[in-house]
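Chemist: with the sequence up front, the predicted model follows.
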Amino acid sequence: MDDITVGVFCADSEAKGRFLAGVAKKSEAEGLSVFVRSEAGRKISFLDSSDFPEKLQGYASIASIVDYALYLYPRDKLTPPDGELAVLLGAFGLPGSLVVLDHSSDPEVAKSSLRGTAVGSYPILEHDSASGAIDLSSVGARETSSRGTLVFIDRAFAVKGVGTVALGFVLSGKVKVHDQLRPIPGPEGAKLDVRSIQVSDQDFDSAGRGVRVGLSLKGMEPKELERAHWLDDSSTPLSSSPSFFFEPAPFYRQQVEGRELHVQLPGKMISARVAAADQGIMAELPFRAPAWPGMRASVIDLNGKALRVAGRATCKF
């Protein structure tokens, strides 16, 4: 079975921490938190962001790249941040489960309170925090229409004796030692040589989608690589003005056309001037970014008062 990534979405940091400590082992805490669980040779990476509700960027990035969502229902009353997370998951069309912890709520009451959001239609998963058991055997990798190699990178730094290292997630395809990868965005014609690959501190000759990877790279210094957000095998279509079918989020009342907003692409949120286009919208980006037909994205209004998720965007390009 394919390795998978699972986002854990919850505004209650205490409940979320207890849940994650029970089901997986913490692998990385800087930036996005990564917890790893292995079952029958399958690696499940649980992703978490600690800066919500003050910031939406972390959870928006997670929602844009994971295969599955676990929405932890609050033990007390439902709050506006809980509602915003439910709307965010709907904006990416994420499949998932509505998790009720420690019999803290009636499952039907939980589903009813989230009616009108995608989470309200999720199946219920009742979980005991004292138990490390969780059944995700039926969860599979989400299909992507990008068939080449594409890696989202969120950290780049130098390691003494190794050189430039990038950390990220393989979104599609497979990355192999000695691959020549294109930085996006990056200088025209730039290529980086993959010198070595690590997954969970172990060396591998290759790594497929759904895993967190560390890539030792030759051809660019960390400071320059920090400006790139993806690496690919040069097969990914790029555009600085992609067009999208757009579906406004429930409860978001403003128009998005003619405004300076943000677009959450796979992994990275980018500032964008949103304009009206035939049967949807066009996003004017500051650089060429991945954009393929069917690519899932979301329009984000970081200055939104009651709700920062403006809606679902599906790339037409």
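Modeler: Now that the structure is in, tell me what you want to look at.

Chemist: counting by contacts, list what the host helix or strand of residue 217 packs against.
Modeler: Using DSSP states H and E, residue 217 falls within strand 212-218. Packing partners of strand 212-218 (3 or more Cβ pairs under 8 Å, 6 or more residues apart in numbering; DSSP states H and E): strand 150-159, strand 163-172, strand 192-199. (Each C-beta comes from the backbone N, C-alpha and C, glycine too.)

Chemist: remind me what the helix or strand following it packs against, helices and strands.
Modeler: Sequence-wise, the next helix or strand beyond strand 212-218 is helix 222-225, with elements assigned using DSSP H and E. Helices and strands touching helix 222-225, by 3+ Cβ pairs under 8 Å, 6+ apart, are strand 150-159, strand 163-172.

Chemist: number of nearby residues for the nearest residue to residue 80 once chain neighbours are set aside?
Modeler: What sits nearest to residue 80 in space, not counting adjacent residues and going by Cβ to Cβ, 6 or more residues apart in numbering, is residue 306, at 7.1 Å. Neighbour count of residue 306, defined by other Cβ atoms under 10 Å: 10.

Chemist: how about residue 306, phi and psi?
Modeler: Backbone torsions for residue 306, taken as degrees, to the nearest 10, come to phi -90, psi -30.

Chemist: residue 4 now?
Modeler: phi -130, psi 160.

Chemist: kindly provide the distance from it to residue 64.
Modeler: 15 Å (Cβ to Cβ, to the nearest Å).

Chemist: more neighbours, the two?
Modeler: The neighbour comparison of residue 4 against residue 64 (other Cβ under 10 Å) goes to residue 64, with 24 against 21.

Chemist: is the more buried one in a helix, a strand, or coil?
Modeler: Here residue 64 is helix, with the state taken from DSSP: H, G, I helix; E, B strand; the rest coil.

Chemist: hang on, it packs against residue 270?
Modeler: No: Residue 64 lies out of contact with residue 270 (Cβ atoms under 8 Å); the separation is 11.3 Å.

Chemist: re earlier: which one of the helices and strands packed on strand 212-218 lies closest to residue 181?
Modeler: strand 192-199 (5.0 Å; Cβ to Cβ).

Chemist: which neighbouring elements make contact with the closest one?
Modeler: With contacts taken as 3+ Cβ pairs under 8 Å, 6+ apart, strand 192-199 sits against strand 174-176, strand 180-184, strand 202-204, strand 206-208, strand 212-218.

Chemist: run the chain-centre distance for the second one.
Modeler: Its chain's C-alpha centre lies 20 Å from the corresponding centre of strand 180-184 when counted by Cα atoms, centre = their mean, to the nearest Å.

Chemist: cool, the longest one as well?
Modeler: With Cα atoms, centre = their mean as the basis, strand 212-218 stands 19 Å off its chain's centre.

Chemist: list the buried ones in the helix or strand of the chain with the lowest mean pLDDT?
Modeler: Of all helical and strand segments in the chain, the minimum by mean pLDDT, DSSP states H and E falls on strand 25-28, at a mean of 85. Buried positions in strand 25-28, judged by neighbour count with 16 or more other Cβ atoms under 10 Å: residue 28.

Chemist: ok, now stretch 183-202?
Modeler: Buried residues in stretch 183-202 (16+ other Cβ under 10 Å): 183-186, 190-192, 194-200.

Chemist: stretch 17-24 now?
Modeler: Quick answer for stretch 17-24 (16+ other Cβ under 10 Å): 17, 19-20, 23-24.

Chemist: winner for burial among the helices and strands packed on helix 222-225?
Modeler: strand 163-172 (a mean of 22; mean count of other Cβ atoms under 10 Å).

Chemist: helices or strands up against that one?
Modeler: strand 150-159, strand 212-218, helix 222-225.

Chemist: quick one: contacts of the shortest one?
Modeler: In other words, helix 222-225. 153, 156-158, 164-166, 183, 192, 217 (Cβ atoms under 8 Å, 6 or more residues apart in numbering).

Chemist: please apply the same query to the second one.
Modeler: For strand 212-218, the surrounding residues in contact (Cβ under 8 Å, 6+ apart) are 27-28, 34, 36, 45, 151, 153, 159, 162-170, 175, 181, 192-200, 207, 225, 231.

Chemist: isn't residue 34 right up against residue 49?
Modeler: No: Residue 34 is beyond contact range of residue 49, at 10.9 Å (criterion: Cβ under 8 Å).

Chemist: got the end-to-end distance for stretch 262-270?
Modeler: Stretch 262-270 stretches 5 Å from its first residue to its last (Cα to Cα, to the nearest Å).

Chemist: off-centre distance for that stretch?
Modeler: With Cα atoms, centre = their mean, you get 9 Å for stretch 262-270.

Chemist: what average pLDDT does it get?
Modeler: In this model, stretch 262-270 has a mean pLDDT of 98.

Chemist: show me what contacts residue 123?
Modeler: Contacts of residue 123 by Cβ under 8 Å, 6+ apart are 97-98.
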